[in-house]
Every structure is written in structure tokens, then in C-alpha cells.
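*Asks:* structure for this input, please:
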Amino acid sequence: MHPEDQGVQYSKHRYHVIPRVLCFVLHRDRVLLIKRAATKRLWPHRYNGLGGHVEPDEDVYTAAVREIQEESGVPVTNVRLRGVINIHTGDPVGVMLFVFLGDALTTTTVASEEGTLEWIPIEQLSEYDLVEDVAVILPRALEEDARGGIFFAHYEFDAEGNLIITWPVVK
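*Replies:* All right, here's what the predicted structure looks like:
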């Protein structure tokens with residue numbers, strides 16, 4: 001198959017997305033979050049899952065496993081997709097976010113330039129300064145995990161920059 005077989009040359013005017021992964025590593029009743037470094041452009045000092053961009057030679061699963069390893073050093077098993085979110089940024093290029101859960105084989109972490117890693121009891125998440133959507137999508141991912149499903153969502157921002165999340169009815 002050749003690249004032109006994908007029709008990319010005919011889609012330059014269409015909506016495009018940058019693929020990213022967001023990973024929540026679990027150990028018993030805790031989740032591994034990273035308090036983003038003060039030097040980070042996005043969400044400094046706020047807690048988020050692990051993750052980042054998908055590289056050209058990767059699928060989203062491979063990217064999730066790589067990001068977990070790079071940002072935490074924690075070996076994981078049972079890495080599973082639990083959500084797909086289309087983030088409309090207001091520009092012709094948005095973000096397609098793939099949300100994963102994984103089970104930690106150990107709670108020993110390795111320091112990262114990305115920020116400070118912390119194992120947080122899931123029932124205490126509301127006590128932390130989380131990135132805005134984490135408090136919503138982590139519980140949703142855990143609900144879907146309990147039934148073996150995947151959630152879908154769409155993000156956009158209103159005129160004041162407030163996040164609006166739309167959840168489709170999946171039949």
C-alpha cells in the first residue's frame with residue numbers, strides 16, 4: 001500500500017487531529033498521577049495522568065506503554081483502552097486523546113523531568129489540584145473498565161475558555 005492510497009492528498013482541507021495518549025496507572029485503590037513541573041507550559045503544578053504524543057512509528061497502545069515507562073519507570077500489565085476523546089481546539093487541527101488504564105507491577109517510580117510522581121488514593125482525588133478533566137474522565141474510565149467498555153467524548157471550549165464535555169449516547 002502506498003501513502004497516496006490513504007487519500008491524504010485529498011484531505012488537506014478536512015479537520016485534522018494530533019493523536020495523544022493519557023494513561024492512568026492503578027495499584028489496588030490508588031492511581032499514579034504526576035504533579036506537573038513548574039516549567040511546564042500546560043498545567044504547571046497540577047496533577048495529571050501520564051502520557052503524551054504518539055510517534056509516527058507507533059500505534060496508540062505502544063505509545064501508552066512507552067509514555068508510562070518514560071515518565072514513571074513503572075512496569076505495567078493489562079494496559080487497556082478505556083476512552084477516546086475528540087478535543088476541538090477551535091483551530092483546524094484538534095487532538096484525539098486515547099485514554100488508557102494499566103495495572104502497576106510495583107509502586108516504585110523513577111524520577112522524571114515531567115514532574116513529581118505520586119500514588120493517590122482514588123477516593124481522595126477531590127483533595128488534589130487536578131487538571132480540569134481528570135476528575136471527570138478517570139471515574140468514567142474506571143466505570144467502563146468494570147464493564148469492559150470504552151467511553152467516547154467530545155471536548156470544546158466556550159468563549160470564556162471553559163471546558164464543555166459532550167458524552168454521546170452509545171447504543
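*Asks:* contacts and neighbour counts: CA atoms only from here.
*Replies:* Noted.
*Asks:* would you map the strands across this protein?
*Replies:* Under the criterion DSSP state E, strands of the chain are mapped to 16-27, 30-36, 47-48, 50-53, 76-87, 93-104, 115-121, 151-157, 163-166.
*Asks:* which one of these lies closest to D59?
*Replies:* Among the strands of the chain, strand 16-27 comes nearest to D59, with 9.7 Å by C-alpha to C-alpha.
*Asks:* what pairs with the closest one, and is each one parallel or antiparallel?
*Replies:* Strand partners for strand 16-27, identified by DSSP bridges, are recorded as strand 30-36 (antiparallel), strand 50-53 (antiparallel), strand 93-104 (parallel).
*Asks:* and the ones you listed as JSON lines, adding distance to E113?
*Replies:* As requested, the strands paired with strand 16-27 are arranged in JSON lines below (distance: least, C-alpha to C-alpha, whole Å):
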{"stretch": "strand 30-36", "distance to E113": "9"}
{"stretch": "strand 50-53", "distance to E113": "12"}
{"stretch": "strand 93-104", "distance to E113": "21"}
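*Asks:* name the nearest residue to L138, sequence neighbours excluded.
*Replies:* F24 (7.6 Å; C-alpha to C-alpha, 6 or more residues apart in numbering).
*Asks:* quick check, pLDDT for the one you found.
*Replies:* Looking at F24, its pLDDT reads 98.
*Asks:* which residues sit in contact with the residue most central in space within the chain?
*Replies:* Relative to the mean C-alpha position of the chain, the nearest C-alpha, by C-alpha atoms, centre = their mean, is the one of L22, at 1.6 Å. Listed by C-alpha atoms under 8 Å, 6 or more residues apart in numbering, the contact partners of L22 are G49, L50, G51, G52, A64, L97, F98, V99, F100.
*Asks:* the first one is in contact with F24, isn't it?
*Replies:* Which is G49. Yes. With contact taken as C-alpha atoms under 8 Å, G49 and F24 are classed as touching, separated by 5.3 Å.
*Asks:* spit out the residues that contact those two alike.
*Replies:* A shared contact of G49 and F24, defined by C-alpha under 8 Å, 6+ apart, is any residue touching both; here these are L32, L33.
*Asks:* I'd like the distance between I120 and L32.
*Replies:* When distances are taken as C-alpha to C-alpha, to the nearest Å, I120 and L32 turn out to be 6 Å apart.
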